[in-house]
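Undergrad: Just to be clear, the model below is a prediction. Sequence and coordinates:
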Amino acid sequence: MIDTLYGSMSDGAIGVFDSGVGGLTCVRELIRLMPHEDIIYLGDTARVPYGTRSRDTIARYAAQDIAFMEKHRVKLLLVACGTVSSVMQSERIFDGSKIDCYSGVIIPAADAACEATRNKRIGVIATPATVRSGCYEFEISRQRPDITVYSRACPLLVPLAENGYTFVGCEPAEFFVREYLTPLKEKDIDTLILGCTHYPLFEEVIQRFMGDGVTLVSSSAVTAQQTFEALKAQKALKPDSHKAQIELYCTDSVELFKENVARFVGGDIDCEIARCIL
Ligand code: DGL
C-alpha cells in the first residue's frame, strides 16, 4: 500500500483537496484515524463540478489547487478527488511541483476492490471524466486480468451531495441511485467502488439498493487508511501530545461550506474555515 504514495515525507500538515465538499469524506476518515494530525483542506466550491469538464480544464484547475497547497507546509498531499486522480498521471499534474509526496484515490480503491471481490465482478461509479479515462479498468486489469469491471458515470449525484440530498428517504437521492445503479445490479457485481469522493455520502442509500451481498469500497476511506499506514510505517505521525489544527478553505460562500462541514465531518469539529482565491 505504501508504494502508492510517491515521494518521502517531512514534517507538516496533511494537505487534502477536492473540487468541492466530497473530499471532506476523506477528512472525516483522516480525523477518525489520526486525531493528532494537522490537516489543510481545499474545496474548490466556486468551480465544482470538475467531473463534467475536459481533461485539460481539470488539469489546469488541479495545478491551481496544488499551487495553493504549496503555499502551506504540507508533508503529503492527498488528491481526494477521483476526477483529478484519474488524470493525475497522464496530465502529469505534479511535474515541477514542490510537493514530492502525494497520492490519488484510484490505486487504493482498486487494490481494496481486488481484495474484496469473490465473484470477480467489480462495479465502479464515478464522474463522467473518471469513467472516460478508463483508469479503474486499467488499474484492475493490470493486477488482476481475471476480473471484469463495469463502470457507470453518475454526474447528478455531485450536485445532490453539494446540496445535502443524500439520506435514506430523500426522494431525489433514492431515484438517481436506482436509475444509475440498476444496470450494475443486473451485472451481478459483488463489489462496488464509490469512485467519486462525493459518493460515500450516499453510502446508506446505495447499500440498501444494492443489498448486503455487495461490498462498497469508498475511495475516500481506503485512501485515508493507506495514508495512516504509510505515516505510521515511516514514523511520521504527530505525537499524542500534539493538538491538531484543522484549516478548511473553500473558493465560494463560507456559509454554505460551513453547513456541509457540519453535515459531512461533524458539527463539533474544532476548525478554522475561510474563503480563498486561487
Ligand atoms: N469529488 C470529485 C471526485 O471524486 C468530483 C466531483 C466533481 O467535481 O465532479 O471525482
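TA: Yes, it's here. Residues are numbered from 1 along each chain as shown.
Undergrad: going forward, measure contacts between C-alpha atoms and count neighbours the same way
TA: OK.
Undergrad: how many neighbours does the residue in the stretch 101-250 of the chain that the ligand sits nearest to have?
TA: Closest residue of the stretch 101-250 of the chain to the ligand, CA to the nearest ligand atom: residue 196 (3.3 Å). Residue neighbour count, defined by other CA atoms under 10 Å, stands at 30 for residue 196.
Undergrad: try residue 48
TA: Residue 48 has 19 nearby residues by other CA under 10 Å.
Undergrad: I'd say it and residue 19 touch.
TA: Yes. Between residue 48 and residue 19 there is a contact under CA atoms under 8 Å: 5.2 Å.
Undergrad: quick one: residue 98 is in a strand?
TA: No. Looking at residue 98 with DSSP: H, G, I helix; E, B strand; the rest coil, it is coil, so not inside a strand.
Undergrad: Skip the chain neighbours and tell me the closest residue to it.
TA: Nearest in space to residue 98, with sequence neighbours left out and distances taken as CA to CA, 6 or more residues apart in numbering, is residue 70 at 6.7 Å.
Undergrad: wait, what's in contact with the one you found?
TA: Residues in contact with residue 70 (CA atoms under 8 Å, 6 or more residues apart in numbering) are 97, 98, 99.
Undergrad: Filter those down to just the buried residues.
TA: residue 99 (16 or more other CA atoms under 10 Å).
Undergrad: Can I get the contacts of residue 70 in a markdown table including distance to the ligand and pLDDT?
TA: Converted to a markdown table, these look like this (distance: CA to the nearest ligand atom, whole Å; pLDDT from 0 to 100):
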| residue | distance to the ligand | pLDDT |
| --- | --- | --- |
| 97 | 21 | 91 |
| 98 | 23 | 89 |
| 99 | 21 | 91 |
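Undergrad: Check what pLDDT the residue of the stretch 101-250 of the chain closest to the ligand gets.
TA: For residue 196, the model assigns a pLDDT of 97.
Undergrad: where's it relative to residue 25, distance?
TA: Plainly put, residue 196 is 10 Å away from residue 25 if you go by CA to CA, to the nearest Å.
Undergrad: secondary structure element for residue 217?
TA: For residue 217, the element it lies in under DSSP states H and E is strand 215-218.
Undergrad: what mean pLDDT does that strand have?
TA: Strand 215-218 carries an average pLDDT of 98.
Undergrad: What of stretch 268-276?
TA: For stretch 268-276, mean pLDDT rounds to 92.
Undergrad: got the contact list for it?
TA: Stretch 268-276 is contacted by residues 245, 246, 247, 248, 249, 250, 251, 252, 253, 254, 258, 262 when judged by CA under 8 Å, 6+ apart.
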